[in-house]
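Colleague: My questions are about this predicted structure, shown below with the sequence.
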Amino acid sequence: MAVDALDTRILRLLLEQPRTSVREYARILGIARGTLQARLDRLERDGVITGSGPDLSPAALGHPVLAFVHVEVTQGHLDEVGDALAAVPEIIEAFSITGGGDLLTRVAARDNAHLEDVIQHLIQVPGVVRTRTEVALRERVAYRLLPLVESVGAAADAKDRRRQAASDIR
């Protein structure tokens, strides 16, 4: 899905000012509310915007230990293990991956002993062969999308300028 300069400006506002009203976004952008709403609807329909809920902190919820647990799965049991992992509340994300393991999970725990309990639970899931755990010490780059949005927007702007220059030559 192509994201143009206006889409980029909309996404930037959504990321920078997530609690602002649609009316205020339209005023800031200098566009009609209907135009903005149509853009937002398209961005949601195309899967660019995937949610609008608050971002929560596992640490503030009493789970300050963050670990990445690689899970090796018996061949042919990836779906079953994935379903079992979805039932573990401390697993806040899980991805099937290539490389050293079959699944990569992000786990939030109260402390190291709790993390060990979660890992022991994972090892007992049918189809899990072994796990490998890496504990995060400090977040160096927080989850972010604004630099990516700006990069996509800049590429779209450059493409539009090239297209305009080509049509001016004709």
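Modeller: Received the coordinates, thanks. Numbering: from 1, shown residues only.
Colleague: doesn't residue 68 fall inside a strand?
Modeller: Yes: assessed with DSSP: H, G, I helix; E, B strand; the rest coil, residue 68 lies in a strand.
Colleague: What residues are bridge-paired with it?
Modeller: Beta-bridge pairing of residue 68 under DSSP bridges involves residue 106, residue 134.
Colleague: And the nearest residue to residue 143 once chain neighbours are set aside, how far from residue 87?
Modeller: Among residues not flanking residue 143 along the chain, residue 55 sits closest, at 8.0 Å (CB to CB, 6 or more residues apart in numbering). Every C-beta, even on glycine, is put in place using the N, C-alpha and C of the backbone. Residue 55 sits 23 Å away from residue 87, going by CB to CB, to the nearest Å.
Colleague: Closest to the centroid, which residue in this structure?
Modeller: residue 143 (7.6 Å; CA atoms, centre = their mean).
Colleague: Roughly how far does that one sit from residue 106?
Modeller: Taking CB to CB, one finds residue 143 at 11 Å from residue 106.
Colleague: SS state for residue 58?
Modeller: Assignment for residue 58 (three-state DSSP): coil.
Colleague: Tell me how many other residues crowd it.
Modeller: By other CB atoms under 10 Å, 17 other residues sit near residue 58.
Colleague: Quick one: residues contacting the closest residue to it other than its chain neighbours.
Modeller: Among residues not flanking residue 58 along the chain, residue 108 sits closest, at 3.7 Å (CB to CB, 6+ apart). Contacts of residue 108 were listed using CB atoms under 8 Å, 6 or more residues apart in numbering, and they are 58-59, 61, 63, 65-66, 90, 92.
Colleague: From residue 38, how far out is the residue nearest to the centre of the chain?
Modeller: Applying CB to CB to residue 143 and residue 38 gives a distance of 28 Å.
Colleague: thinking again about what came up before, pull the most distant pair out of the contacts of residue 108.
Modeller: Maximum pairwise distance among the contacts of residue 108 (CB to CB): 13.1 Å, between 59 and 90.
Colleague: the more surrounded of those two?
Modeller: Counted by other CB under 10 Å, residue 59 and residue 90 do not tie: residue 90 has more neighbours, with 22 against 12.
Colleague: Please tell me how far the more buried one sits from residue 2.
Modeller: 39 Å.
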